[in-house]
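Trainee: Sequence and predicted structure below; questions after.
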Amino acid sequence: MSIAASRGTINWVDPSWERSYDGMRAYRQSKIAFGLFGLELDRRSAEHGWQLTSNLSHPGVAATNLLSAREDLGRRKQTPGRRIIGAMSARGILLGSAESAGQPALFAATSERCAFRAMQPWHRMNAS
């Protein structure tokens, strides 16, 4: 699903982060929760014969306001990583744009190639 999810855990003791908020840990937890929801929806659909598939997608890395310096998100200044992402995105190197970030979700929601292929990595799905 994402690098963030692979580096995170679920905070089962304080899942809403009411006692001690950590923005990056909460972000990582949200990615894991998203994946768990998709897996459970797919499992229940198969169990109850709902005839729907649960396809998860990832927009990739895109230089958007989500990565910008924002006081409300605890980032007072632009980080070196955000500057690098912005420079690479502007040159079309390995990164997407705000415009291209929605394409994986659109593909997952509308392509017949995604039917019955829930949770397969993009490179494996694209190869067949």
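Mentor: Sure, I can see it. Numbering: from 1, shown residues only.
Trainee: pull the longest helix from this structure.
Mentor: Of all the elements of type helix in the chain, the one with the most residues (DSSP state H) is helix 23-48.
Trainee: moving C-terminal of that one, what's the next helix or strand?
Mentor: Reading on from helix 23-48 to the C-terminus, the next helix or strand found by DSSP states H and E is helix 80-90.
Trainee: tell me which residues in the following helix or strand past that next one are buried?
Mentor: Counting by DSSP H and E, the next helix or strand C-terminal to helix 80-90 is helix 103-110. Neighbour counts using 16 or more other Cβ atoms under 10 Å place 104, 107-108 of helix 103-110 among the buried residues. Heads up, the C-betas are built off the backbone N, CA and C, glycines and all.
Trainee: Same question for stretch 80-87.
Mentor: 82, 85-86.
Trainee: Repeat that for stretch 24-31.
Mentor: Within stretch 24-31, the residues scored as buried using 16+ other Cβ under 10 Å are 25, 28-29, 31.
Trainee: ok, so of those, who is nearest residue 41?
Mentor: residue 31 (15.9 Å; Cβ to Cβ).
Trainee: can you pull the contacts of the closest residue to that closest one other than its chain neighbours?
Mentor: Leaving aside its sequence neighbours, residue 31 sits nearest to residue 5 (Cβ to Cβ, 6 or more residues apart in numbering; 3.8 Å). Shown in contact with residue 5 (Cβ atoms under 8 Å, 6 or more residues apart in numbering): 28, 31-32, 34-35.
Trainee: Throw the residues you listed into a markdown table and include pLDDT, thanks.
Mentor: What follows is the contacts of residue 5, written out as a markdown table (pLDDT from 0 to 100):
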| residue | pLDDT |
| --- | --- |
| 28 | 88 |
| 31 | 89 |
| 32 | 91 |
| 34 | 89 |
| 35 | 88 |
